[in-house]
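[1] What follows is a protein structure lacking sequence information:
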(Lines give C-alpha, C1' and ligand atoms only; values in the text may rest on other atoms or scores of the structure.)
Protein backbone atom coordinates (compact mmCIF):
# COMPACT_ATOMS: atom_id res chain seq x y z
CA UNK A 1 0.00 0.00 0.00
CA UNK A 2 1.29 3.45 -0.93
CA UNK A 3 0.02 6.38 1.13
CA UNK A 4 0.20 9.80 -0.52
CA UNK A 5 0.97 13.30 0.81
CA UNK A 6 2.96 12.10 3.82
CA UNK A 7 0.17 9.81 5.01
CA UNK A 8 1.43 7.12 7.38
CA UNK A 9 0.90 3.53 6.29
CA UNK A 10 -0.34 1.36 9.12
CA UNK A 11 0.57 -2.24 8.42
CA UNK A 12 -1.91 -5.04 8.38
CA UNK A 13 -2.47 -6.83 11.65
CA UNK A 14 -4.24 -10.07 12.46
CA UNK A 15 -7.50 -8.21 13.06
CA UNK A 16 -7.18 -5.16 10.83
CA UNK A 17 -6.27 -4.50 7.19
CA UNK A 18 -3.51 -2.06 6.28
CA UNK A 19 -4.63 1.56 5.93
CA UNK A 20 -3.30 5.10 5.58
CA UNK A 21 -3.40 7.41 8.59
CA UNK A 22 -4.11 10.88 7.17
CA UNK A 23 -4.79 12.77 10.41
CA UNK A 24 -3.09 16.12 10.82
CA UNK A 25 -1.70 16.40 7.28
CA UNK A 26 -4.55 18.26 5.53
CA UNK A 27 -5.65 15.31 3.38
CA UNK A 28 -8.21 12.54 3.61
CA UNK A 29 -9.33 9.57 1.54
CA UNK A 30 -8.24 5.95 1.40
CA UNK A 31 -4.69 6.89 0.37
CA UNK A 32 -4.66 10.50 1.71
CA UNK A 33 -5.28 11.73 -1.85
CA UNK A 34 -8.00 14.35 -1.20
CA UNK A 35 -7.04 17.83 -0.06
CA UNK A 36 -9.16 19.06 2.85
CA UNK A 37 -10.33 22.66 2.47
CA UNK A 38 -9.51 23.83 5.99
CA UNK A 39 -11.11 27.20 5.27
CA UNK A 40 -14.48 25.45 5.09
CA UNK A 41 -14.02 22.79 7.75
CA UNK A 42 -11.71 24.17 10.42
CA UNK A 43 -11.11 27.85 9.82
CA UNK A 44 -8.85 29.01 12.63
CA UNK A 45 -8.29 32.44 11.05
CA UNK A 46 -9.20 35.62 12.92
CA UNK A 47 -12.60 37.12 12.09
CA UNK A 48 -10.75 40.03 10.43
CA UNK A 49 -8.65 37.73 8.24
CA UNK A 50 -9.05 35.99 4.89
CA UNK A 51 -8.47 32.24 4.74
CA UNK A 52 -6.69 30.80 1.69
CA UNK A 53 -6.71 27.03 1.15
CA UNK A 54 -3.57 25.37 -0.20
CA UNK A 55 -2.57 21.79 -0.92
CA UNK A 56 -2.38 20.11 2.47
CA UNK A 57 -2.91 23.28 4.47
CA UNK A 58 -4.16 26.84 4.56
CA UNK A 59 -2.98 30.33 5.35
CA UNK A 60 -4.58 33.38 6.94
CA UNK A 61 -3.95 37.00 6.02
CA UNK A 62 -5.35 40.00 7.90
CA UNK A 63 -7.80 42.15 5.97
CA UNK A 64 -6.96 45.70 4.93
CA UNK A 65 -6.83 48.00 7.92
CA UNK A 66 -5.72 45.19 10.25
CA UNK A 67 -2.30 43.83 11.11
CA UNK A 68 -1.09 40.56 12.59
CA UNK A 69 -0.33 37.00 11.59
CA UNK A 70 -3.81 36.17 10.30
CA UNK A 71 -4.72 34.12 13.35
CA UNK A 72 -4.71 37.27 15.51
CA UNK A 73 -5.55 40.54 13.71
CA UNK A 74 -5.72 43.94 15.36
CA UNK A 75 -6.87 47.27 14.01
CA UNK A 76 -3.86 49.06 12.51
CA UNK A 77 -2.60 52.20 14.24
CA UNK A 78 -3.59 54.28 11.19
CA UNK A 79 -7.14 52.97 11.37
CA UNK A 80 -7.28 53.54 15.14
CA UNK A 81 -6.21 57.16 14.82
CA UNK A 82 -8.67 57.76 11.97
CA UNK A 83 -11.45 56.16 14.04
CA UNK A 84 -10.49 58.24 17.08
CA UNK A 85 -10.48 61.37 14.94
CA UNK A 86 -13.93 60.53 13.56
CA UNK A 87 -15.26 59.89 17.06
CA UNK A 88 -13.78 63.21 18.23
CA UNK A 89 -15.41 65.07 15.37
CA UNK A 90 -18.74 63.36 16.08
CA UNK A 91 -18.59 64.25 19.78
CA UNK A 92 -17.62 67.85 18.96
CA UNK A 93 -20.48 68.28 16.50
CA UNK A 94 -22.95 66.76 18.97
CA UNK A 95 -21.91 69.10 21.79
CA UNK A 96 -21.94 72.06 19.39
CA UNK A 97 -25.50 71.31 18.29
CA UNK A 98 -26.57 70.77 21.90
CA UNK A 99 -25.09 74.14 22.91
CA UNK A 100 -26.84 75.82 19.97
CA UNK A 101 -30.20 74.32 20.94
CA UNK A 102 -29.76 75.44 24.56
CA UNK A 103 -28.82 78.94 23.40
CA UNK A 104 -31.90 79.19 21.17
CA UNK A 105 -34.15 77.98 24.00
CA UNK A 106 -32.66 80.53 26.40
CA UNK A 107 -33.16 83.35 23.89
CA UNK A 108 -36.78 82.30 23.35
CA UNK A 109 -37.33 82.07 27.10
CA UNK A 110 -35.98 85.57 27.73
CA UNK A 111 -37.85 87.05 24.76
CA UNK A 112 -41.07 85.59 26.11
CA UNK A 113 -40.32 87.05 29.55
CA UNK A 114 -39.62 90.41 27.91
CA UNK A 115 -42.95 90.31 26.08
CA UNK A 116 -44.72 89.53 29.38
CA UNK A 117 -42.97 92.45 31.10
CA UNK A 118 -43.84 94.73 28.18
CA UNK A 119 -47.51 93.76 28.39
CA UNK A 120 -47.46 94.26 32.14
CA UNK A 121 -45.85 97.68 31.70
CA UNK A 122 -48.43 98.69 29.09
CA UNK A 123 -51.29 97.56 31.36
CA UNK A 124 -49.85 99.47 34.33
CA UNK A 125 -49.40 102.62 32.22
CA UNK A 126 -52.96 102.35 30.99
CA UNK A 127 -54.22 101.87 34.54
CA UNK A 128 -52.12 104.82 35.76
CA UNK A 129 -53.39 107.04 32.96
CA UNK A 130 -56.97 106.04 33.79
CA UNK A 131 -56.43 107.02 37.44
CA UNK A 132 -54.79 110.25 36.40
CA UNK A 133 -57.73 111.06 34.10
CA UNK A 134 -60.19 110.27 36.90
CA UNK A 135 -58.30 112.56 39.32
CA UNK A 136 -58.21 115.31 36.69
CA UNK A 137 -61.97 115.01 36.19
CA UNK A 138 -62.54 115.14 39.95
CA UNK A 139 -60.40 118.26 40.26
CA UNK A 140 -62.00 120.08 37.33
CA UNK A 141 -65.52 119.12 37.98
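    That came through fine. The shown structure was predicted, so the numbers you read here are calculated from the model rather than taken from an experiment.
[2] CA atoms for contacts and neighbours, from now on please.
    Will do.
[3] Check the gap between residue 71 and residue 127 for me.
    Between residue 71 and residue 127 the distance is 87 Å, computed by C-alpha to C-alpha, to the nearest Å.
[4] is residue 57 in a bridge, and if so with what?
    residue 54 (DSSP bridges).
[5] Then the one 10 residues further on?
    The bridge-partner assignment for residue 67, based on DSSP bridges, gives residue 74.
[6] That one is in contact with residue 75, isn't it?
    Yes - taking C-alpha atoms under 8 Å as the definition, residue 67 is a contact partner of residue 75 at 6.4 Å.
[7] more neighbours, residue 71 and residue 127?
    Applying other C-alpha atoms under 10 Å to residue 71 and residue 127 shows that residue 71 carries more neighbours, namely 18 against 12.
[8] if I look at that one, how far off is residue 47?
    Taking C-alpha to C-alpha as the measure, residue 71 falls 9 Å from residue 47.
[9] How about residue 16?
    Distance from residue 16 to residue 47, counting by C-alpha to C-alpha: 43 Å.
[10] okay, those two: which has more neighbours?
    residue 47 (14 against 9).
[11] and that one, that's in a helix?
    No - applying DSSP: H, G, I helix; E, B strand; the rest coil, one finds residue 47 to be coil, outside a helix.
[12] Now do it against residue 70, distance only.
    Taken as C-alpha to C-alpha, the span from residue 47 to residue 70 is 9 Å.
[13] Likewise for residue 33?
    27 Å.
[14] which one of the two has more residues nearby?
    The neighbour count for residue 33 versus residue 70, taken as other C-alpha under 10 Å, is higher for residue 70 (21 against 16).
[15] So what touches stretch 33-40?
    4-5, 26-28, 51-58 (C-alpha atoms under 8 Å, 6 or more residues apart in numbering).
[16] I'd like the average pLDDT over that stretch.
    For stretch 33-40, the mean pLDDT works out to 91.
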